[in-house]
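Chemist: quick one, what's the 3D model for this:
(one chain, ligands or ions: 2)
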Amino acid sequence: MSKFKTKYLVIGGGIAGVTCVETLAILHPEENLVIVTASSLVKRVTNVSFYAKTVVKFDVADTEASSLMKIHPNLKIVYDSLKFLDTKNKIALTDDGTEVHYEVVCVCTGGLPKLIDSNKSKRILGIRDTESVKEFQERLTNGNRMVIVGNGGIASEIVHATTGIQKVWVIRDDYISATFVDPGAAEFFQNSFKNKSNVNNQTVLKRHVFTEEDTVVSLNKDIKSAALGPDWYKKLENTKNESGEQELEIIYKVEVESVVEINEEYALEVKLTNGRSIKCDFVVSATGVEPAVNFAWDREPKRGPDGGLAVNEFQETSIKDVFAAGDVVFADWQTSPHWFQLRLWTQARQMAGMAAKSMHARIVNEDIWQDFCFELFTHCTTLFGYRVVLLGKYNGQGLGRDYEILLRTTPQKEYIKFVLQNGRLQGAILIGETDLEEMCENLILDQIDLSPFGDDILNPDIDIDDYFD
Ligand SMILES: Cc1cc2nc3c(=O)[nH]c(=O)nc-3n(C[C@H](O)[C@H](O)[C@H](O)COP(=O)(O)OP(=O)(O)OC[C@H]3O[C@@H](n4cnc5c(N)ncnc54)[C@H](O)[C@@H]3O)c2cc1C
Ligand SMILES: NC(=O)C1=CN([C@@H]2O[C@H](COP(=O)(O)OP(=O)(O)OC[C@H]3O[C@@H](n4cnc5c(N)ncnc54)[C@H](OP(=O)(O)O)[C@@H]3O)[C@@H](O)[C@H]2O)C=CC1
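Modeler: Ligands and ions are numbered 1, 2, ... in the order given. A predicted model of the protein is given here:
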């Protein structure tokens, strides 16, 4: 049994754990730091580019955990899983019996896919790490029909990236990609992938006083490695069943009632709440994540309603000197009006940077303030081949019924939505190469009254940046 003594301890080698190590390497390189990671490959952020002060795009790369020693001279890596955290005596115990005595610890154990009907069949797949993608690729190569359940990031990416297989996409909303966009943007995406050659590219600009009800109008119209990163689905592009048919059917406003294994041409029968049944080779359950608090404690910390470790604005749990960051966390502070939690790379990175600063401040006995990045929700991603930037309350989240939406859309080129309340910008969806990120960031953060500008704010013939220079 090995024993280590350290000031700083980090648990988990995902983006949160590694960012915490990297930040501590800058803040306190002369102190000892131990990372306990269940996987020898860890995630590192690379190619960071700033679209605005808080709008950051980056790549994520798998790297050997040992490479972290280059950035932190006093780092010790324990390749094992945390089994028990004794927070009174400040000892972390791993599966193989290693004891790490720490002063401050940061728990970054991530999340696990939350599957529908997970006990019933091995053919219900969740996507989280490299191993689960390999299994998915095998099923894709040999399958003829899959059912995709869920309407968030993973489902949208799978629908876009897979070919040569029939896809039945089962969603409980009445428009696609509801986690990230609104019905209008969903229509923009669908028109792009349905009718590439037959689109009138005229720009349409309109203002509409929306209520929340309007925004849902039918369009008819056991963790072993870290979560994947932004470009994971590119691996799927070369995985095809050459003899398979390419076909997509979207079934709106239904849920899965049951999934039964059958012994017929297809191995599964999926029954839906609308009475329909679909036979398929496998199901992808892209139905969200749950926090992975997969170890025991001497005393239970406060948890959020989703089971995540509740943390304050300094990323500290209800147990002193126990910090947490990333998907395992529930943000339990009074958030700023334009920020909310979504389990994303960006937030794992931001929370881990904050946790590292707080841990360092505790050790050196300094005061600290919450980082500026928590002032504004930002997410930069790619959906259906388009750059998508989401800012603030981009879907009117929590604004009640009293807000306006200003839209500008040019089919196949861009979709821009401003969410305004009392004439002030509260959020925005920017799809395509709009170049509006910085202006929107400033307008939301400064809460400038935009009523004098009317619809000119989004008039394509006017350079709106000039107004605010
Ligand atoms: C398919 C997919 C695509 C995604 N795409 C995007 C995207 O495009 N943009 C975006 O912003 N976000 C994306 N996300 C979300 C993003 O990956 C997560 O929000 C982020 O990875 C969370 O990082 P984390 O470090 O908190 O957790 P994880 O990445 O899950 O890392 C947790 C780490 O802890 C380790 N661990 C767990 N338990 C223990 C234990 N007991 N002891 C020791 N180690 C342990 C694990 O091995 C792992 O290394 C995607 C997620 C998935 C699944
Ligand atoms: N490009 C990006 O930024 C990407 C980000 N990610 C992140 O990775 C994580 C995992 O992605 P994903 O699994 O897509 O999770 P998301 O949280 O993005 O989406 C989950 C979806 O599943 C739906 N859902 C939940 N339970 C059920 C159920 N029982 N039946 C039917 N639908 C259900 C949710 O609906 P409802 O909202 O109604 O609960 C929601 O539409 C998320 O944190 C996500 O943000 C993943 C891929 C890409």
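
Chemist: apart from its neighbours in sequence, what residue is nearest the residue of the stretch 351-469 of the chain found nearest ligand 1?
Modeler: Relative to ligand 1, the nearest point of the stretch 351-469 of the chain is T381 (4.9 Å; Cβ to the nearest ligand atom). C-beta coordinates here come from the backbone N, C-alpha and C atoms, glycine included. Spatial nearest neighbour of T381, chain neighbours left out: V388 (5.2 Å); criterion: Cβ to Cβ, 6 or more residues apart in numbering.

Chemist: pretty sure that neighbour is touching I429, no?
Modeler: Yes - look at V388 against I429 with Cβ atoms under 8 Å: they come within range, at 7.3 Å.

Chemist: those two: which is more packed in?
Modeler: Neighbour comparison, V388 and I429: the larger count goes to I429, with 25 against 22 (by other Cβ atoms under 10 Å).

Chemist: could you grab the helix/strand/coil label for I457?
Modeler: At I457 the chain is in helix, as set by DSSP: H, G, I helix; E, B strand; the rest coil.

Chemist: per-residue confidence at it?
Modeler: I457 carries a pLDDT score of 82 in this model.

Chemist: all helices of the stretch 201-350 of the chain, in order?
Modeler: Ranges of helices in the stretch 201-350 of the chain, per DSSP state H, counting those that start in this stretch, are 345-364.

Chemist: show me what contacts the residue of it found nearest ligand 1?
Modeler: Closest residue of the stretch 201-350 of the chain to ligand 1, Cβ to the nearest ligand atom: G326 (2.2 Å). G326 sits next to G12, G14, I15, A16, G17, C108, G110, R343, Q347, A348, M351, A352 when contact means Cβ atoms under 8 Å, 6 or more residues apart in numbering.

Chemist: how about these in a markdown table, adding neighbour count?
Modeler: Converted to a markdown table, those look like this (neighbours: other Cβ atoms under 10 Å):
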| residue | neighbour count |
| --- | --- |
| G12 | 33 |
| G14 | 30 |
| I15 | 30 |
| A16 | 35 |
| G17 | 30 |
| C108 | 33 |
| G110 | 30 |
| R343 | 21 |
| Q347 | 25 |
| A348 | 30 |
| M351 | 30 |
| A352 | 31 |
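
Chemist: out of the residues you listed, which touch ligand 2?
Modeler: Counting by Cβ under 6 Å from any ligand atom, R343 from the contacts of G326 sit close to ligand 2.

Chemist: need the contacts of G326 in CSV (columns: distance to N47 and pLDDT).
Modeler: Shown next, in CSV, are these (distance: Cβ to Cβ, whole Å; pLDDT from 0 to 100):
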residue, distance to N47, pLDDT
G12, 23, 95
G14, 18, 93
I15, 14, 94
A16, 19, 96
G17, 20, 96
C108, 22, 97
G110, 22, 96
R343, 22, 95
Q347, 19, 96
A348, 17, 96
M351, 21, 98
A352, 18, 98
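
Chemist: give me the common contacts of V388 and I429.
Modeler: Contacts common to V388 and I429, judged by Cβ under 8 Å, 6+ apart, are V181.

Chemist: which SS state does I416 fall under?
Modeler: Using three-state DSSP, the secondary structure recorded for I416 is strand.

Chemist: ok, for it, nearest residue in space, not its chain neighbours?
Modeler: Spatial nearest neighbour of I416, chain neighbours left out: R408 (4.5 Å); criterion: Cβ to Cβ, 6+ apart.

Chemist: show the contacting residues for the residue nearest to the spatial centre of the chain.
Modeler: By Cα atoms, centre = their mean, the chain has its centre lying nearest to L344, at 2.7 Å. Residues counted as contacts of L344 (Cβ under 8 Å, 6+ apart) are H379.

Chemist: next up, phi/psi of it, please.
Modeler: The phi/psi pair for L344 (degrees, to the nearest 10) reads phi -140, psi 160.

Chemist: what's the burial count for the residue nearest to I416?
Modeler: Residues near R408, counting by other Cβ under 10 Å, number 20.

Chemist: is it true that it touches L458?
Modeler: Yes - counting by Cβ under 8 Å, R408 does reach L458; the two are 4.2 Å apart.

Chemist: in the stretch 51-200 of the chain, what residue lies closest to ligand 2?
Modeler: Closest point on the stretch 51-200 of the chain to ligand 2, by Cβ to the nearest ligand atom, is G152, at 2.0 Å.

Chemist: let me know the pLDDT of that residue.
Modeler: G152 is assigned a predicted lDDT (pLDDT) of 93.

Chemist: what residues does the stretch 151-300 of the chain have near ligand 2?
Modeler: 151-155, 157, 172, 178-179, 255, 286-289.

Chemist: again, 5 Å this time
Modeler: Counting by Cβ under 5 Å from any ligand atom, the stretch 151-300 of the chain comes close to ligand 2 at N151, G152, G153, I154, R172, T179, E255, A286, T287, G288, V289.

Chemist: I'd assumed D174 was in contact with the first one.
Modeler: This means N151. No - counting by Cβ under 8 Å, N151 stays clear of D174, with 10.1 Å between them.

Chemist: between those two, which is the more surrounded one?
Modeler: Neighbour count, other Cβ under 10 Å: between N151 and D174, N151 has more, with 24 against 16.

Chemist: which residues touch the more buried one?
Modeler: Here N151 is in contact with I171, R172, D173, I176, S177, A178, T179 (criterion: Cβ under 8 Å, 6+ apart).

Chemist: residues contacting the last one?
Modeler: Residues touching T179, when contacts are defined by Cβ under 8 Å, 6+ apart, comprise N151, G152, G153, L342.

Chemist: can I get those residues in TSV including secondary structure and distance to K413?
Modeler: Formatted as TSV, these follow (DSSP: H, G, I helix; E, B strand; the rest coil; distance: Cβ to Cβ, whole Å):
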residue	secondary structure	distance to K413
N151	coil	25
G152	coil	25
G153	helix	23
L342	coil	27
